[in-house]
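Chemist: What follows is a predicted structure for the sequence shown.
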Amino acid sequence: MENIFQEANPDIRFLWKTNRDFPPHTHNDIELVGLRKGSLRAYADGKAYNLSAGSIFLVCPNQVHSYCLSSPDIESVLIIVKPGLLGKYGIFFSENAPIVPLLDIPLEDPLWKLLELSYAEYSTETDQEVLLGLLTAFFGKLLRQFTFDKEELPSQNIRKVLQYCSNHYKQEIS
């Protein structure tokens, strides 16, 4: 698969989907895939992870990640959010990466309930502040479930190279 650079837009994207196959890419946003049903193979920074019902897969800004080999009965949720919207949690996720980006929890766990409430608020588009509050609570609780390591993030030089490539991908690079 060919690497691509994709900048998520708008500030929050929240999708329930049945297919999650996507080639390697990176962006400046926090990305989370939650699997309610089926199985999925996910990759982050070259390491493979097998997701099943109840799995939550967290990707921090500038991590190369992809998804493939979705089972035919998959039901998943995708959240892409700009870190700046999540206050101190967004800053933390921008400066750290989980050592293992996979969390397996029961579908009855309160984290899943927060995720469902967030999606309900997102789909009704009634109050952006309520949605941000729910997502901030979700990511704050999620933060306690992972072990993080600053050393896992790309160096500033790698970030500069990625940014240069995204800005000049139509030009020949020598």
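Modeler: Sure thing, it's come through.
Chemist: Give me the three-state assignment for S123.
Modeler: helix (DSSP: H, G, I helix; E, B strand; the rest coil).
Chemist: Need phi/psi at the closest residue to it other than its chain neighbours.
Modeler: Distance criterion Cβ to Cβ, 6 or more residues apart in numbering; nearest residue to S123, sequence neighbours excluded, is F14 at 7.8 Å. Heads up, the C-betas are built off the backbone N, CA and C, glycines and all. When read as degrees, to the nearest 10, the backbone of F14 gives phi -140, psi 110.
Chemist: which phi and psi does A44 have?
Modeler: Residue torsions, per degrees, to the nearest 10, at A44 are phi -140, psi 120.
Chemist: For it, give me its contacts.
Modeler: When the contact criterion is Cβ atoms under 8 Å, 6 or more residues apart in numbering, the partners of A44 are F57, V59, Q63, V64, H65, P101.
Chemist: One more: G46?
Modeler: V64.
Chemist: So what pairs up with the most centrally placed residue in the chain in the strands?
Modeler: In the chain, the centroid-proximal residue (Cα atoms, centre = their mean) is E31; its distance is 1.4 Å. Residues in a beta bridge with E31, per DSSP bridges, are V59, I80.
Chemist: wait, isn't it in contact with L78?
Modeler: Yes. Assessed by Cβ atoms under 8 Å, E31 is found in contact with L78 at 7.3 Å.
Chemist: picking that back up, what's the separation between the residue nearest to the centre of the chain and S118?
Modeler: 15 Å (Cβ to Cβ, to the nearest Å).
Chemist: Dump the one helix or strand Y49 maps to to CSV, restricted to CA.
Modeler: Assigned by DSSP states H and E, Y49 belongs to strand 47-51. C-alpha atoms of strand 47-51 as CSV (Å, rounded to 0.1, in the frame of the first residue of the first chain):
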residue,chain,number,x,y,z
LYS,A,47,3.2,-2.8,14.6
ALA,A,48,0.2,-5.0,14.0
TYR,A,49,-2.8,-5.3,16.4
ASN,A,50,-5.8,-7.6,16.2
LEU,A,51,-9.1,-5.9,17.3
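Chemist: burial measure for I91, as a count.
Modeler: Neighbour count of I91, defined by other Cβ atoms under 10 Å: 12.
Chemist: What residue, apart from its backbone neighbours, is nearest it spatially?
Modeler: For I91, the closest residue by Cβ to Cβ, 6+ apart turns out to be P83, at 6.8 Å.
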